[in-house]
Each structure stands twice: as structure tokens, then as C-alpha cells.
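K.L.:
here is my input, please return the structure:
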Amino acid sequence: MDEAVRLALVKWPNVPACTGWLRLSRRGEWRVPEGPIRHAGLNAFIGRNYQPTHDGRWYFQNGPQQVFVSLDYTPLILRLGSAEQLETHTGQPVTQLAEAWLDEDGSLLLVCEHGIALLDDRDLAAFCSHLEGDLAAPDAPLSLNWAGRVLPVGRIVQAEVAARFGFIREPQL
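P.N.:
Predicted coordinates for the structure are as follows:
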């Protein structure tokens, strides 16, 4: 969390939180009702101050105010920073993958040290070269060979993802 944010929390401890204003797209874009946030500095500020509550609601601390984030899918989006390096949409490097899941639409979900994340669909084709098995056969075993480690790939339906991984897609106050 930014030092300026910590100081604002001390100065104004009782600012009401807000919901319904900020959302995270499936491609890791911060969006407000007017459209995507394009300002690099604002994107970086939101990313540095983005975190979950104990009950699975994700927010960013905007000075003294918690701004809860609506999630189009998962609270984190992964991208290929290079051919062999994943990073979160907030720029954190991913060094460990613990689980891999494929949903009914062919979206790839990965559990890393930062939590559950959706792989940005723009990187899916490149990443699929690391999948082994018959993708077209719904009951065929799949595995992910990434960074010298082989993980089984489970099947999951989108409607079960939030409950299974303990986050809330549409946070309320």
C-alpha cells in the first residue's frame, strides 16, 4: 500500500466505501462506467493498492476510501510478460503455479502464489503449446507443462469458480 494512502487512512478514518464504480475486465483492464482507464499512473496506483478483504471482496484503497471492484471473472488476470514468464495484471511476477483449470468455454485458470487468476485470452494460444492431452475430449486427462513442472488440468464450470476459490464477483457493502 502506498505511504500516501496510509497517511490518508489515519487522517480520515471513516470515509464510506463504494461499490458499482470500478470493475476488472477479463483482460485485466480497470473499467469505470465511462470506459477503460487508460492513464498509466492511475492504473499503477490502483494495482499497487489492490487487495482482498478477509471475506473475498476485492478492492483498491483510494486514499481513505475502499473502492470495491466488480470482477468480470477472477480477481487476478495473468499475462505472458515474455515467452516463459507470467505476471499479474498489476505487474507482479508469477514464480509458482499450484493448480490449473479449464472451464467450459476453454478459458484457462491458474492458481499461483497470488491466488486464482484467469489467463488473458490474448495469451491463450501461446500458452496452449504447454498443454498436453486432447482438448476436444471432455473426459480426456490434460496436463500443463510449465517451467519444468507438470500439473494436472482440472475441468471446472464458470459458475463454480468464485465459490471454489473464495472470492466475490459483485461485492456489496
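
K.L.:
please count neighbours and contacts with C-alpha atoms only from this point.
P.N.:
Noted.

K.L.:
show the contacting residues for the residue nearest the centre of the chain.
P.N.:
What sits nearest the mean C-alpha location of the chain, by Cα atoms, centre = their mean, is L76, with 0.8 Å. Counting by Cα atoms under 8 Å, 6 or more residues apart in numbering, L76 touches G28, T88, H89, G115, I116, A117, L118.

K.L.:
let's see it at 6 Å
P.N.:
A117 (Cα atoms under 6 Å, 6 or more residues apart in numbering).

K.L.:
just to check, R155 is in contact with L102?
P.N.:
Yes - at 5.0 Å, R155 counts as touching L102 under the criterion of Cα atoms under 6 Å.

K.L.:
hey, what's in contact with both of these two?
P.N.:
In contact with both R155 and L102: no residue, using Cα under 6 Å, 6+ apart.

K.L.:
can you give me the helices for the chain?
P.N.:
For the chain, the helices defined by DSSP state H occupy 3-11, 40-48, 124-128, 158-165.

K.L.:
so which of those comes closest to V67?
P.N.:
helix 40-48 (9.7 Å; Cα to Cα).

K.L.:
quick one: average confidence on the closest one?
P.N.:
The average pLDDT for helix 40-48 rounds to 95.

K.L.:
next, the buried residues of that helix.
P.N.:
Using 16 or more other Cα atoms under 10 Å as the test for burial, helix 40-48 gives N43, F45, I46, G47, R48.

K.L.:
what does that helix contact?
P.N.:
F60, T90.

K.L.:
let the chain start at 27 from now.
P.N.:
Got it, the first residue is 27 from now on, which makes the last one we talked about helix 66-74.

K.L.:
so how far is it off the chain centroid?
P.N.:
Remark: helix 66-74 is offset 15 Å from the chain centroid, using Cα atoms, centre = their mean, to the nearest Å.

K.L.:
can you check stretch 111-121 too?
P.N.:
Using Cα atoms, centre = their mean, the offset of stretch 111-121 from its chain centre is 10 Å.
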